[in-house]
Structures are given as structure tokens and as C-alpha cells.
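Engineer: Provide a 3D model corresponding to the input given below.
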Amino acid sequence: MLEQLRTILVVEDESGIRSLVRSILESQGYAIIEAESGAKALELWPEQGRRIELLLSDIMMPGGVSGLDLARNLIAQKPGLKIVFTSAYSADVFQHELGAIGKHSFLQKPYYPHELIKMIREALNGAGE
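Structural biologist: Next comes the predicted model:
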């Protein structure tokens with residue numbers, strides 16, 4: 001029996017990183033929806049949100065909607081949404097803001113493909129809950 005495809009919203013402003021993440025996650029059997037900004041992700045959400053199980057988002061993005069803003073907005077609409085944040089900055093820099101988000105995971109850039117895959121699997125499977 002085939003496992004149901006799990007859908008991840010990847011929000012990353014750097015196209016090369018976004019493309020690489022998509023390739024890595026699709027190779028693991030995930031369905032990927034991409035957005036180059038928080039604002040674009042909010043545009044996609046009304047049509048795609050129902051099927052999205054996990055938000056993988058860079059914290060710092062141009063365009064007025066940070067990854068933190070995006071997560072707050074989407075969690076208000078879908079409280080069970082899993083969140084994995086990424087950033088080149090340490091999580092300590094965002095400690096206060098991240099604490100207000102609730103349950104989430106954080107992956108420091110740069111990261112290896114196996115670290116990304118492990119973090120996504122753990123988040124989707126509820127590790128630590």
C-alpha cells in the first residue's frame with residue numbers, strides 16, 4: 001500500500017536553495033509547494049492550505065512578511081500545522097519571537113541534506129510531542 005503523499009510548503013527567497021530543498025524532499029516522496037516570499041505563500045494558502053502539513057520557512061525574507069509573520073498567520077488558520085524554520089543566524093537571535101510561535105523546529109543554515117530530511121520526518125511524525 002502506498003503512503004499518502006505529505007505536502008510541504010517551502011518558503012525560501014534564494015532560488016538555488018529553494019530548488020535544492022525541493023529536489024531533496026521530492027526524492028524522499030514529499031509533495032512540495034514553493035513560494036519565494038512570505039507574501040507569495042499567503043497568496044497560495046487559500047487554495048493550497050488544506051493539503052499542507054508542514055511549513056518549511058526561512059525566518060528572514062524580503063517583502064515585508066518574515067517567516068515568523070507567515071507562521072503566526074498560518075497557525076491562526078490551521079493550528080495543527082507543523083513548522084520548521086531555517087536561518088543562517090542562530091536560533092538564539094530569534095529566541096523571544098520563536099518562543100511566541102509555539103511548537104516548531106529550527107534548522108541552522110547551512111545544513112546537510114540528511115539533516116533536513118531527519119528534521120522534516122521528526123516534525124511530521126510528532127517527535128518530542
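
Engineer: how about the spatially most central residue of the chain, phi and psi?
Structural biologist: Taking CA atoms, centre = their mean, the centroid of the chain lies closest to L56, which sits 1.0 Å from it. Main-chain torsions, L56, degrees, to the nearest 10: phi -110, psi 110.

Engineer: which ones are touching the residue lying closest to S90 once chain neighbours are set aside?
Structural biologist: Spatial nearest neighbour of S90, chain neighbours left out: Q108 (6.8 Å); criterion: CB to CB, 6 or more residues apart in numbering. To be clear about C-beta, it is placed using only N, CA and C from the backbone, and glycine gets the same treatment. Counting by CB atoms under 8 Å, 6 or more residues apart in numbering, Q108 touches 86-88, 90-91.

Engineer: For the residues you listed, could you give me TSV that also reports pLDDT and neighbour count?
Structural biologist: Shown next, in TSV, are the contacts of Q108 (pLDDT from 0 to 100; neighbours: other CB atoms under 10 Å):
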residue	pLDDT	neighbour count
T86	94	25
S87	92	18
A88	90	11
S90	79	10
A91	73	15
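
Engineer: Next step: those restricted to strands.
Structural biologist: 86-87 (DSSP state E).

Engineer: export the contacts of Q108 to CSV and tack on distance to R72?
Structural biologist: Output for those, formatted as CSV (distance: CB to CB, whole Å):
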residue, distance to R72
T86, 17
S87, 16
A88, 21
S90, 21
A91, 17
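
Engineer: Which of the contacts of Q108 sits closest to E47?
Structural biologist: Lowest distance from E47 to the contacts of Q108 (CB to CB) belongs to T86, with 24.4 Å.

Engineer: and Y30, how far is that from S23?
Structural biologist: Distance from Y30 to S23, counting by CB to CB, to the nearest Å: 11 Å.

Engineer: neighbour count winner among those two?
Structural biologist: A count of neighbours by other CB atoms under 10 Å puts Y30 above the other of Y30 and S23, at 21 against 11.
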